[in-house]
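**Student:** sequence first, predicted model second:
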Amino acid sequence: MATWNVNSVRTRLDRVLDFLAREQVDVLAMQETKVSDEAFPRDPFIDAGYRVVSHGFDQWNGVAVVSRIGAVDIVRGFLGQPTWGDPPVVEARALGLTCGGVRVWSLYVPNGRTLDDPHYRYKLAWLAALRTAAAGWLADEPTAQVALVGDWNVAPLDTDVWDRAVFAGRTHVSAAERAALAAFVDAGYTETTRVHVPAEHTYTFWDYQQLRFARDEGMRIDLAYASPTLAERVTGVRIVREERKGAGPSDHVPVVLDVDG
DNA sequence: ATGGTGGAAAGTCCA
């Protein structure tokens, strides 16, 4: 299983297909597909043996999952997902479906913009509502295999950014955002990148600007939370840094989870 | 001081 903020699935199509083949990925959760369901490039994935489930309204946000081990019980958005904008809209930021017995959620958490922006309050409300929903899924079925994967737009530790001083007073590192993520651990989920890739300053995102990748000035914000029964089955996690290189990369790289069985 | 980047329904907004 893998998760990847592709920053436009149409722009990144060849890279994504190459990645799926090279890594032999059974399930890929994508974020920022930036495409409506109607315009999603389904056929190339189908030809490669995948089922395609997308959730996108327009050029903003958008999440999808492609799976070659089944895709059932599809849900767009989660119960209680907060709205944004005027008129209020439940944005295309969450997609749940079951693949080979694992409940996979592809998640694109709101950015937050700045600490004094309404978008920041939206981000915190969004995370709190997701936590409530996700805690409920485990309460209903404690042995459920649930994966909450995607772009969380929060760096859980100071060592998940290159220089904590640069981020003082900014989003992605605030105590409130980190507390919102800790609530998922309190609910019984394990952040599997931390377990399997504990090395500090190991990033999943580097901004396009200011030579951030060349300087290795990145952030670890693409995370993979697993329920207890699923966490036991995760034998390894790999952050595919190579995907940030070459022509036309996303600003995020894939995170691959090896799941036994 | 500015711009340094890249995506999209671009001519601006979002990250």
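**Tutor:** Structure's in. What do you need?
**Student:** the strands in the stretch 101-250 of chain A, which residues?
**Tutor:** A:102-108, A:146-151, A:190-191, A:222-226, A:234-239 (DSSP state E, counting those that start in this stretch).
**Student:** other SSEs contacting the shortest one?
**Tutor:** Helices and strands in packing contact with strand A:190-191 are listed as helix A:175-186, strand A:222-226; criterion 3 or more CB pairs under 8 Å, 6 or more residues apart in numbering; DSSP states H and E. Every C-beta, even on glycine, is put in place using the N, C-alpha and C of the backbone.
**Student:** tell me which of these sits most buried.
**Tutor:** strand A:222-226 (a mean of 26; mean count of other CB atoms under 10 Å).
**Student:** keeping just the C-alphas, turn that strand into PDB.
**Tutor:** Presented in PDB, the C-alpha positions along strand A:222-226 are these (Å, rounded to 0.1, in the frame of the first residue of the first chain):
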ATOM      1  CA  ASP A 222       2.700  12.600   4.600                       C
ATOM      2  CA  LEU A 223       1.800  10.100   7.300                       C
ATOM      3  CA  ALA A 224       0.200   6.700   7.600                       C
ATOM      4  CA  TYR A 225      -1.800   5.900  10.700                       C
ATOM      5  CA  ALA A 226      -2.800   2.200  11.200                       C
END
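**Student:** and the gap between residue A:184 and residue A:112?
**Tutor:** 17 Å (CB to CB, to the nearest Å).
**Student:** now residue A:52
**Tutor:** 30 Å.
**Student:** quick one: which of those two has more around it?
**Tutor:** Ranked by neighbour count (other CB atoms under 10 Å), residue A:52 and residue A:112 place residue A:112 first, with 24 against 17.
**Student:** who touches the more buried one in this structure?
**Tutor:** Listed by CB atoms under 8 Å, 6 or more residues apart in numbering, the contact partners of residue A:112 are A:119-120, A:122-124, A:153, A:171-172, A:177.
**Student:** out of these, which is most surrounded?
**Tutor:** For the contacts of residue A:112, neighbours tallied by other CB under 10 Å; top is residue A:123, 27 neighbours.
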